[in-house]
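K.L.:
Okay, structure incoming, though there's no sequence with it:
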């Protein structure tokens, strides 16, 4: 409610309103209006206390000099000498000598700045916005007993002018702090993601090196040993019953080793592209499992995956490879489809089967789903695994934002 006193006061209130325009922080507002307020309410010190959004702490903004209230923000409301006003128990407080007023000096009260600044006469009025107390306006003088009810009325009018502006500033600062916290959190997460991605790339290179070493040395040695055993089976002095089990075990060992090599070194992916690598893996896995699974690969992207960075394409292949393995080994599927599609913003790879469903599959695959989800996260892709809506079985989908491809 504005003061209805003499016309000069109205002009000063309007001046305060104009001075508020363009001020972007609490300290700037206090500095801008302090001189004009002193023409309405004479003071040696003015401060504005703003309650933080948590309702437990407050900050102080002072002019023309700073005390312990402003030097150490934020402070608990419970220790403020004017806590009763900040808690909404009273709307105003006035004293002729704050240094000797027991209301400001209770156990735990941060009242030292009253003595530090020699703040004797003091008046306080609540700053309210949308019906809530958001802070307080305080004027103080080194002299005692100089403020009266007229000064309180004027202070209320000034508070009515300031409160909406302070309310907006508080909301803006909170939004700024929240944005900074969120940005820092995202930066940390992105740093961890990029670090993990680099580690994954290094591990992938090492896997391929191991795969080549196994192929060039270990598998070659086993092949030579297999041929020697085969020749021994035809020798007259060696019993075939003794050699045959050893020969079969060696063949199984070589078969398993070839699978390890293929999984560690996706050579087909590098030589012939994503769709061909998936098709090759499907054929080999189904053949080795002895299952009768009908399958289809539908690539509608004209080889878009092959234009991706090598580490991204490899991660997509590993996810698809794991999904195919789960369907073949655990889902008892008889049909499987791999679909590769591209929209304006996403590259999507979907693997569907008509197997026993998600719940049973998850129990048997252990960390397979988690591994796929982690690989997707490392390349900023969205991962989903769920039951088919209208048909039996499971679908797994990985969706890569196109804009993240070049990052």
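P.N.:
Structure's in. What do you need? Source: prediction; values computed, not measured. Numbers count the residues shown, from 1 in each chain.
K.L.:
can you pull the contacts of residue 78?
P.N.:
For residue 78, the contacting residues are 56, 108, by Cβ atoms under 8 Å, 6 or more residues apart in numbering. C-beta here means a position set from N, CA and C on the backbone, and glycine is covered the same way.
K.L.:
one more time with 10 Å
P.N.:
Each residue near residue 78 by Cβ atoms under 10 Å, 6 or more residues apart in numbering is listed here: 56, 57, 86, 87, 108, 109, 110.
K.L.:
Now a PyMOL select for only the buried ones of those residues.
P.N.:
Those of the contacts of residue 78 that count as buried under 16 or more other Cβ atoms under 10 Å are selected in PyMOL with:
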select buried, resi 57+86+109+110
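K.L.:
mind listing which of the contacts of residue 78 are in strands?
P.N.:
Mapping the contacts of residue 78 onto strands (DSSP state E) picks out residue 57.
K.L.:
Out of the contacts of residue 78, which sit inside helices?
P.N.:
The members of those that map onto helices under DSSP state H are residue 86.
K.L.:
In terms of distance to residue 190, which of the contacts of residue 78 ranks first?
P.N.:
Nearest to residue 190 among the contacts of residue 78: residue 57, at 31.0 Å, using Cβ to Cβ.
K.L.:
Now that closest one: closest residue in space, sequence neighbours ignored.
P.N.:
Closest residue to residue 57 apart from its sequence neighbours, by Cβ to Cβ, 6 or more residues apart in numbering: residue 74 at 3.9 Å.
K.L.:
cool, residue 82 as well?
P.N.:
Nearest residue to residue 82, sequence neighbours excluded (Cβ to Cβ, 6+ apart): residue 124, at 5.3 Å.
K.L.:
correct me, but that neighbour touches residue 95?
P.N.:
Yes: look at residue 124 against residue 95 with Cβ atoms under 10 Å: they come within range, at 8.8 Å.
K.L.:
Let me see the domain layout of this protein.
P.N.:
Domain assignment of the chain by automatic domain parsing yields the ranges 7-182, 266-407.
K.L.:
Give me the mean pLDDT for the last one.
P.N.:
The one in question is domain 266-407. Averaged across domain 266-407, the pLDDT comes to 82.
K.L.:
Relative to residue 351, how far out is residue 273?
P.N.:
18 Å (Cβ to Cβ, to the nearest Å).
K.L.:
follow-up on the earlier one: give the contact list for the residue nearest to residue 57.
P.N.:
Counting by Cβ under 10 Å, 6+ apart, residue 74 touches 50, 51, 52, 54, 56, 57, 58, 59, 60.
K.L.:
Let's see the pLDDT reported for it.
P.N.:
Residue 74 is assigned a predicted lDDT (pLDDT) of 86.
K.L.:
tell me the pLDDT at the residue nearest to the spatial centre of the chain?
P.N.:
The residue lying closest to the centre of the chain (Cα atoms, centre = their mean) is residue 186, at 4.8 Å. What the model reports for residue 186 is a pLDDT of 76.
K.L.:
now it: how far from residue 380?
P.N.:
According to Cβ to Cβ, residue 186 and residue 380 sit 12 Å apart.
K.L.:
Where do the strands of the stretch 151-300 of the chain begin and end?
P.N.:
Here the stretch 151-300 of the chain has its strands, by DSSP state E, counting those that start in this stretch, at 294-299.
K.L.:
Point out where it drops to low pLDDT.
P.N.:
192-221, 224-225, 228-229, 231-244, 246-247, 249, 252-268 (pLDDT under 70).
K.L.:
Could you pull out the helices in it for me?
P.N.:
Counting by DSSP state H, counting those that start in this stretch, the stretch 151-300 of the chain has these helices, from start to end: 219-233, 240-264, 267-272, 274-289.
K.L.:
List the residues that contact residue 14.
P.N.:
By Cβ under 10 Å, 6+ apart, residue 14 lies in contact with residue 161.
K.L.:
quick one: buried residues of the helix or strand in which it is found?
P.N.:
Applying DSSP states H and E as the criterion places residue 14 in helix 7-20. Within helix 7-20, the residues that count as buried by 16+ other Cβ under 10 Å are 9, 12, 13, 16, 19, 20.
K.L.:
Distance to residue 245 added to the domains of the chain, as JSON lines?
P.N.:
Converted to JSON lines, these look like this (distance: least, Cβ to Cβ, whole Å):
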{"stretch": "domain 7-182", "distance to residue 245": "64"}
{"stretch": "domain 266-407", "distance to residue 245": "21"}
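K.L.:
what's the closest of these to residue 222?
P.N.:
Checking the domains of the chain against residue 222 by Cβ to Cβ gives domain 266-407 as the closest, at 17.9 Å.
K.L.:
Downstream of the helix or strand where residue 314 lies, the next helix or strand is which one?
P.N.:
Assessed by DSSP H and E, residue 314 sits inside helix 310-330. Where DSSP H and E defines the elements, the next helix or strand beyond helix 310-330 is strand 335-342.
K.L.:
Tabulate the buried residues of helix 7-20 (CSV), appending pLDDT.
P.N.:
As requested, these are exported to CSV (pLDDT from 0 to 100):
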residue, pLDDT
9, 73
12, 75
13, 76
16, 76
19, 75
20, 72
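K.L.:
Now distance to residue 332 too, for those residues, in JSON lines please.
P.N.:
Shown next, in JSON lines, are the buried residues of helix 7-20 (distance: Cβ to Cβ, whole Å):
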{"residue": "9", "distance to residue 332": "87"}
{"residue": "12", "distance to residue 332": "85"}
{"residue": "13", "distance to residue 332": "81"}
{"residue": "16", "distance to residue 332": "79"}
{"residue": "19", "distance to residue 332": "78"}
{"residue": "20", "distance to residue 332": "73"}
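K.L.:
what residues are up against residue 85?
P.N.:
Residue 85 makes contacts with 49, 91, 92, 93, 124, 125, 126, 127, 133, 135, 136, 138, as judged by Cβ under 10 Å, 6+ apart.
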